[in-house]
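> requesting a structural model of the entry that follows:
(3 chains)
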Amino acid sequence: MSATSGRLRQVESLRKRSDFEYVREHARKVVGSRMVIQIAAAPDDSIKMGVIASRRYNTRAVARNRAKRLVREAFRLIQSRIKPSTWFVVIVRRRISEAKCQDVRRELLTILGKANAVTKQQ
RNA sequence: UAUCGGCGGGGGACGGCCGCUGCAUGACUUACGGUGAUGCAGAGGAAAGUCCGGACUCCGUAGAGCAGGGAAUCCCGGAGAAAUCCGGGAUGUCGCGGACGAUAUGCCGCGAUAAGGCCAGUGCCACAGAAAAUAUACCGUCUUGCCGUAGUACGGCAGGAUAAGGGUGAAAAGGUGGAGUAAGAGCCCACCGGGUCCUCGCGCAAGUGGGAUCGCAUGGUAAACCCUUCCCGGAGCAAGGUCAAAUAGAGAACAAGGCAUUGCUCGUGCCGCCCCGGUUCGGGAUAUGUUCCGGGUAGACCGCAAAGAUAAAUGGUCGUCGCUCACCGACUGAUUAUGCCGUAUUGACGGCCAUGAACAGCCAGCGAGUACAGAAUCCGGCUUAUACCCGCCGAUACCUU
RNA sequence: GCGGGUAUAGCAUAGUGGUAAUGCACCAGCUUCCCAAGCUGGCUAGGAGGGUUCGAUUCCCUCUACCCGCU
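This next block holds a predicted model:
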């Protein structure tokens, strides 16, 4: 099962505009200090994530790419603990710019826990 | 030596673990953007801004003109398809300095210069000033007539001459000197400056020199309209092309059940083939299925690359080192100060010994920093951003000679 | 990505080669027992840097920020 192998590739990311619209239609919103997530029940068993880093976050392309990489890396590290059949979208906020990878991972885990989408650690 | 600015060059290295994207190979699953394996490739000097030039694609296009946009001193050499860049020289204009005190202006040196044309035309030139472009009379200067006081002098009124002087302004209608005059004036003369003309000289040319001629009113602004010469078709990879669901619309074709003929089939003939209605007429509704054509939406693929996607890869973490800065310590070098001796009138010079700091080098420790910035069709140029290091040039400050 | 446009007081807008107008807001005063309204006065501005010009917010160039269109 790919969900337990701890990697992120194109299969695990939301890739179409219709996917994002599906999540936005069915989503519950959870707010954190560095990010906001919209989380929804998936139409199948998969776990998928999408990241939004708009020009309102930062006008420099380097900063937007860095934020998306941090979120993707955090997702990769905690992916095995997310309940199946979950799609969610992460919208980054300005305060993520000075965060390190561990900070982002901790916060993403906390927020997903609030949304009741995390399984108990074995 | 330090700081600042400009130009050019460089703009981190290696390894462990966990990962990402593309391609190739063969395997397993399957028909999917799958799984795991191996190999190869995987951000920049600006990838940025999108300011120029091209490649490429589609549309348009006989030719010419108008509109619109752009370029603009001259010559030589070099690179390039072009944009553009490099090197050398010349002319004009402007600024600063000098010979040389001022004005017009010429000469010399340095620097800057998007530098065709405002005697083709039009517009504008605030405030100040009399007057801002057909020149003009505010003060001033001179003068005529009349009046007043005794007067040739002064004052008043009316008129005339005058651009020398004052003052204003960014800019005031050639400059200096002389002659001349009532006072003045290129009104006239000399020199300087300027315009025009020349089948004149020099120079490839922009120009420049000479001659003749004109006393010479004819500023500034064209990154104001405009004129001259030359150049330019438009849109852009979200260009464009291929395949092509669903839905809606449009068109075309086909299909339905029964009876007769016959042993059966094919074929043929007749009736019927949405609903109401006994039936023609009439009224209502205008449908079902399949196939095809056209169109091109969602979507996919091509365009598209020895990086290359389309919610967009090139990362995370740990370690070692490099570079820069700060602090502390050890060692080495070195100047200066103090002391003694010698020369010496003094200043000063030379020699010797020890000590301590600024300073420099090197080593070790500890801490901090390591920029600007992320390809999206491709290539070239320009512009802008950039920690730190190297080289060159310039400016400023201090020190020494 | 490609193409186009805008920038003026705290906010919303004018205007033009000669220092900048209007409304709202803000501040002070008058009025009122107090507030509001009204009246009077004040405050504060051309995104940045160069160039052309006697003079630039305006004209030209280079940047910066923002907005819009095209799947």
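> give me the residue at the spatial middle of chain A.
Nearest to the geometric centre of chain A sits A:V90, at 4.4 Å (Cα atoms, centre = their mean).
> go ahead and confirm that one touches A:E107.
No - look at A:V90 against A:E107 with Cβ atoms under 8 Å: they stay out of range, at 10.3 Å. For glycine as for every other residue, the C-beta is placed from the backbone atoms N, C-alpha and C.
> give the intersection of the neighbour lists for those two.
The contact sets of A:V90 and A:E107 overlap at A:M35 (Cβ atoms under 8 Å, 6 or more residues apart in numbering).
> sorry, back to before: helix or strand right after the host helix or strand of the residue nearest to the centre of chain A?
Using DSSP states H and E, the element containing A:V90 is strand A:86-92. Downstream of strand A:86-92, the next assigned helix or strand under DSSP H and E is helix A:101-114.
> can I get that following helix as CSV, trimmed to CA atoms?
The C-alpha atoms that make up helix A:101-114 are tabulated as CSV, following Å, rounded to 0.1, in the frame of the first residue of the first chain:
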residue,chain,number,x,y,z
CYS,A,101,10.5,21.7,8.7
GLN,A,102,9.9,20.3,12.2
ASP,A,103,7.6,23.3,13.1
VAL,A,104,5.5,22.8,10.0
ARG,A,105,5.3,19.0,10.6
ARG,A,106,4.2,19.6,14.2
GLU,A,107,1.6,22.1,13.3
LEU,A,108,0.2,20.0,10.4
LEU,A,109,-0.1,17.0,12.7
THR,A,110,-1.9,19.2,15.3
ILE,A,111,-4.4,20.6,12.8
LEU,A,112,-5.1,17.2,11.3
GLY,A,113,-5.7,15.9,14.8
LYS,A,114,-8.2,18.6,15.4
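> average pLDDT for it, rounded please.
Mean per-residue pLDDT for helix A:101-114: 88.
> please apply the same query to stretch A:79-92.
Across stretch A:79-92, pLDDT averages out at 84.
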